[in-house]
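Undergrad: can't give you the sequence, but here's the structure:
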């Protein structure tokens with residue numbers, strides 16, 4: 001499912017449309033068989049409500065989970081961006097030469113954008129980034145022992161902790177399977193819903209096709225809308241690694 005969510009919205013729409021078309025074809029088979037078996041095999045009208053209600057409930061739960069995942073991803077990105085900015089600004093406030101922190105933060109930004117965000121779509125951690133965080137923390141701790149002003153040291157440590165926590169959250173979300181098993185469950189339920197609608201309209205194929213056309217259109221829209229948001233770091237609607245507004249320098253200003 002992860003590769004599907006990484007596709008462009010156009011391809012996602014085409015694949016979902018193909019799935020809806022297959023469901024419609026299955027329903028047409030039901031209409032064809034109904035002509036042979038007669039009306040005695042047609043379920044009563046309220047029968048299809050069971051499948052469609054279960055589909056609606058599970059789809060709603062999945063949608064809420066994905067919205068929350070996107071909110072968490074956006075919050076993690078904002079915290080990571082804020083932490084990098086604080087590291088740069090605070091490293092110039094004291095008489096100690098802490099310009100190496102700004103240099104490491106700039107390298108962190110480059111490696112995150114190119115490696116973690118770019119190559120692996122935040123699914124894997126880069127050891128070099130781990131080492132950068134360790135080096136920044138080491139510099140701050142050593143400077144504190146050498147007499148770095150307590151407020152400056154505290155602010156730097158706080159920024160490092162925020163950076164590390166935001167990165168862990170980003171990688172946790174990126175490594176998430178985005179509810180693959182739940183998506184399979186929803187897909188099975190939507191297929192069963194199409195079949196149920198076709199079965200209760202088996203004695204009225206014309207009305208059944210209209211009902212299936214309406215339900216298929218709704219299914220196409222809601223699946224496509226949710227699929228473009230399913231992966232916060234890839235696909236149609238995603239969070240870009242926007243660190244460009246942070247000014248990083250490699251030496252004291």
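TA: Yes, it's here. Being a predicted model, the structure only gives us computed values, none of them experimental.
Undergrad: Can you get me the centre-to-centre distance for the helix ranked longest in the chain and its chain?
TA: In the chain, with assignment by DSSP state H, the single longest helix is helix 47-90. Relative to its chain's centre, helix 47-90 lies at 7 Å (CA atoms, centre = their mean, to the nearest Å).
Undergrad: What's the first helix or strand after it?
TA: helix 99-111 (DSSP states H and E).
Undergrad: Report all helices and strands that that following helix contacts.
TA: helix 47-90, helix 127-145 (3 or more CB pairs under 8 Å, 6 or more residues apart in numbering; DSSP states H and E). Every C-beta, even on glycine, is put in place using the N, C-alpha and C of the backbone.
Undergrad: mind putting the ones you listed in JSON lines, mean pLDDT and mean neighbour count included?
TA: Output for the helices and strands packed on helix 99-111, formatted as JSON lines (pLDDT from 0 to 100; neighbours: other CB atoms under 10 Å):
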{"stretch": "helix 47-90", "mean pLDDT": "85", "mean neighbour count": "17"}
{"stretch": "helix 127-145", "mean pLDDT": "89", "mean neighbour count": "16"}
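Undergrad: Could you point out which of these sits nearest residue 194?
TA: helix 47-90 (8.8 Å; CB to CB).
Undergrad: so where do the helices sit in the stretch 101-250 of the chain?
TA: Using DSSP state H, counting those that start in this stretch, the helices found in the stretch 101-250 of the chain span residues 127-145, 150-174, 180-200, 205-227.
Undergrad: Which helix or strand contains residue 17?
TA: Going by DSSP H and E, residue 17 is part of helix 9-37.
Undergrad: so how far is that helix off the chain centroid?
TA: Taking CA atoms, centre = their mean, one finds the center of helix 9-37 at 28 Å from the center of the full chain.
Undergrad: do stretch 194-202 as well
TA: 34 Å.
Undergrad: looking only at pLDDT, what's the mean for that stretch?
TA: In this model, stretch 194-202 has a mean pLDDT of 80.
Undergrad: how close does the closest residue to residue 242 other than its chain neighbours get to residue 241?
TA: Distance criterion CB to CB, 6 or more residues apart in numbering; nearest residue to residue 242, sequence neighbours excluded, is residue 81 at 7.4 Å. Noted for residue 81: a distance of 9 Å to residue 241, by CB to CB, to the nearest Å.
Undergrad: got it, and residue 193?
TA: 39 Å.
Undergrad: now residue 19
TA: 32 Å.
Undergrad: Mind giving me the packing neighbours of the helix holding residue 17?
TA: helix 2-5, helix 180-200, helix 205-227.
Undergrad: tell me the mean pLDDT for it?
TA: On average, helix 9-37 scores 76.
Undergrad: buried sites along it?
TA: 12-13, 16, 19-20, 23-24, 27, 30-31, 34 (16 or more other CB atoms under 10 Å).
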